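> Quick one, structure for this:
(one chain, ligands or ions: 2)
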Amino acid sequence: MEAGMKEEVLGAVARRNVFLSPDALEMVMSNSDPLSFVNTVLSALSKSAMFVSKKDIMDCIAGDKVLFESANERVRKNKLVSDLAVASGTDVTGCSTCEGKINDFVVYFKNRFSMLSKILRENRDFMKSEPAGDVCSIKRAFDRGGRDAKIIGMVYERSETRNGHKRIVVEDEEGKCTVLITKDSPMASETFTDDEVIGVCGKPSTKGDLFIANKIFRPDVPSGRRWVPSDSSASVAILSDAHVGSHTFLKSQWNAMISWLKANAYESEIDYLILPGDVVDGIGIYPGHDKDLDVKDIYRQYEMLSEYLKEIPDHMKIVVQPGNHDAVRPAEPQPALGGDFAKCFDSEVILTSNPVSLKIEGRNILTYHGKSIDDWVAKVSGMSYDDPARAMKEMLVRRHLSPIYGAKNPLAPEKKDYLVIETAPDVFISGHVHGAAHLDYRGVKVINASAWQGQTEYQRSHNFSPEPAVMPVVNLGSGRVDMKRFD
Ligand code: FE
Ligand code: ZN
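Ligands and ions are numbered 1, 2, ... in the order given. All right, here's what the predicted structure looks like:
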């Protein structure tokens, strides 16, 4: 038992390329939870630290700042009032209108089209592009007899001609046409998805319905946009896909993360915590799911999560959002956990829909569980589960979280399309694929927030290796993203 633990401790140390002196190792092993303890020490180490002695650990415990990265210049701005709100109109909870009638879908797609056309009309690059002037309807573009035009359409069908040219059928509220991209155009390598909305500058044919594309635009995040630093010194931590109740829930890594938060969150001003879905493992989510469960009672799973969250330092504001493993409808947008599930949580915990936009200290945080990544990977060339941030970037480009309709990710036909990214966010968070990645796209901090579940039998049989036990922390002032590892 002890020998196994020692190996685990040494493994954790080796992964960080750090060496423990014999007396430091002895000290770690004498702790009641050596792995959590060593992880806490490791996460507090400065990046340059290589050799750790017993004295270093003592200093670390005593609060001596030597081991803490940049801690010596940090002064907490005594700000104990949190500044977090759900952005109005972004939470579907209690606002769902759909009954699943055919007409609901008509209304839903009309709304998607109008919201995305509005964003396209705000895209300066599109509006400045030739021909000068405003967008016209597809019908009008063809009525004007072969003059260059600017149109907006939703992708209805895609194919390739025998000569390798791309044909994209697009439609607006009144008409339809076939956008032709010749095979030697730079646009030929671009990726298109079904049901996305695009802007096209080009020339309509005088006969037939061909519209020869010169340039294609996406709603996108404005080009040249950058992260503008603010004076906020607070940070947001993200814990995705906890999967409490799963047989492979990573209890010791989770405990290490909790100890680290207890030791550091207050001083480092990590004042907010977001859980973007799959907060419990749920029941009956995939065939044979019960074999992967430790806790088969879903209420008990939420109670356990709530108990774990009580360990989070009191000053941290917690937001819980559902994912596809949670006890709400699977169709997106998903409403917040309700009823008896909601009662499991302290009144302090904020339960929101999936997706939702949060306003935190002047920043716009878009959080979406990320189930649509399954469709991106299955339907869009060049996408893979190894690169979830890329799929998230493509969502920003299209300003839609789940453009493809009728694939694996179910969408509920609400009167308003809650999956449209109405406001370009400052931070965009997802989980679902249990990867850990981040990138900056035009000033948006794009973060995929790992998981707290090890590989399940089901994932193993699907050849899927997760990257668990990583907690991203994003600073709201500087935009710096730290991936805190507790493996
Ligand atoms: Fe998950
Ligand atoms: Zn999920």
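
> List of residues touching stretch 289-305?
242, 244-249, 279-284, 327, 337, 340-341, 344-345, 456-458 (CB atoms under 8 Å, 6 or more residues apart in numbering). C-beta coordinates here come from the backbone N, C-alpha and C atoms, glycine included.

> can you tell me which residues contact the closest residue to residue 423 other than its chain neighbours?
Computed as CB to CB, 6 or more residues apart in numbering, the closest residue to residue 423 that is not its neighbour in sequence is residue 364, at 5.7 Å. Residues near residue 364 by CB under 8 Å, 6+ apart: 87, 357-358, 423-427.

> Quick check: the gap between the closest residue to residue 469 other than its chain neighbours and ligand 2.
Distances taken as CB to CB, 6+ apart place residue 253 nearest to residue 469, at 3.8 Å, with adjacent residues excluded. Look at residue 253 and ligand 2: by CB to the ion, to the nearest Å, they are 19 Å apart.

> Let's verify residue 482: helix, strand, or coil?
Here residue 482 is strand, with the state taken from DSSP: H, G, I helix; E, B strand; the rest coil.

> Looks like it contacts residue 447 (just checking).
No - in this structure, residue 482 is not within contact of residue 447 by CB atoms under 8 Å, at 10.6 Å.

> who has more neighbours, the two?
Legend: neighbour count by other CB atoms under 10 Å for residue 482 and residue 447, higher for residue 447 (30 against 17).

> Quick check on residue 170: phi, psi?
Phi and psi for residue 170, reported as degrees, to the nearest 10, are phi -120, psi 150.

> Next up, the contacts around it.
138, 151, 153-156, 176-179, 198, 200.

> May I have the residues that are in contact with the nearest residue to it once chain neighbours are set aside?
When the adjacent residues along the chain are set aside, residue 170 lies closest to residue 153, with 2.7 Å between them (CB to CB, 6+ apart). With contact set as CB under 8 Å, 6+ apart, residue 153 has these partners: 138, 170-172, 176-177, 179, 197-198, 200.

> Residue 213 now?
179-181, 185, 187, 200-202.

> In three-state terms, label residue 342 for me.
With three-state DSSP as the basis, residue 342 sits in helix.

> how near is it to ligand 1?
For residue 342, the distance to ligand 1 - CB to the ion - is 21 Å.

> Tell me which residues touch that residue, please.
336, 351.

> Could you rerun that using 10 Å?
302, 320, 327, 336, 349, 351 (CB atoms under 10 Å, 6 or more residues apart in numbering).

> Quick check, the third one in contact with residue 278.
So that's residue 327. No - counting by CB atoms under 10 Å, residue 327 stays clear of residue 278, with 11.4 Å between them.

> higher neighbour count, those two?
Ranked by neighbour count (other CB under 10 Å), residue 327 and residue 278 place residue 278 first, with 29 against 19.

> and the two most separated of the contacts of residue 213?
180 and 201 (13.2 Å; CB to CB).

> Break this structure down into its structural domains.
Per automatic domain parsing, the structural domains of the chain span 2-62, 84-97+224-485, 124-217.

> can you give me the helices in the chain?
Along the chain, counting by DSSP state H, helices occupy 2-15, 22-29, 34-44, 54-62, 102-121, 124-128, 138-143, 251-264, 298-310, 339-343, 373-379, 388-398, 457-461.

> can those helices go into JSON lines with extra columns for distance to residue 271 and mean pLDDT?
What follows is the helices of the chain, written out as JSON lines (distance: least, CB to CB, whole Å; pLDDT from 0 to 100):
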{"stretch": "helix 2-15", "distance to residue 271": "28", "mean pLDDT": "81"}
{"stretch": "helix 22-29", "distance to residue 271": "30", "mean pLDDT": "87"}
{"stretch": "helix 34-44", "distance to residue 271": "18", "mean pLDDT": "78"}
{"stretch": "helix 54-62", "distance to residue 271": "23", "mean pLDDT": "76"}
{"stretch": "helix 102-121", "distance to residue 271": "32", "mean pLDDT": "95"}
{"stretch": "helix 124-128", "distance to residue 271": "36", "mean pLDDT": "96"}
{"stretch": "helix 138-143", "distance to residue 271": "50", "mean pLDDT": "96"}
{"stretch": "helix 251-264", "distance to residue 271": "11", "mean pLDDT": "98"}
{"stretch": "helix 298-310", "distance to residue 271": "15", "mean pLDDT": "97"}
{"stretch": "helix 339-343", "distance to residue 271": "23", "mean pLDDT": "96"}
{"stretch": "helix 373-379", "distance to residue 271": "29", "mean pLDDT": "95"}
{"stretch": "helix 388-398", "distance to residue 271": "24", "mean pLDDT": "97"}
{"stretch": "helix 457-461", "distance to residue 271": "33", "mean pLDDT": "81"}
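
> Kindly reformat the ones you listed as CSV containing distance to residue 291.
Formatted as CSV, the helices of the chain follow (distance: least, CB to CB, whole Å):
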stretch, distance to residue 291
helix 2-15, 25
helix 22-29, 35
helix 34-44, 27
helix 54-62, 41
helix 102-121, 37
helix 124-128, 52
helix 138-143, 53
helix 251-264, 19
helix 298-310, 16
helix 339-343, 24
helix 373-379, 22
helix 388-398, 26
helix 457-461, 7
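
> tell me the pLDDT at the nearest residue to residue 231 once chain neighbours are set aside?
Nearest residue to residue 231 in three dimensions, chain neighbours excluded: residue 477, at 6.1 Å (CB to CB, 6+ apart). Per-residue confidence (pLDDT) for residue 477: 96.

> Enumerate the residues of the stretch 101-250 of the chain near ligand 1.
residue 241 (CB under 5 Å from the ion).

> Sketch out the low-pLDDT regions of the protein for me.
For the chain, the stretches with pLDDT under 70 are 1-2, 45-48, 61-80.

> Work out which residue lies at the spatial centre of it.
residue 430 (1.5 Å; CA atoms, centre = their mean).

> If anything else comes up later, I'll come back, but that's it for now.
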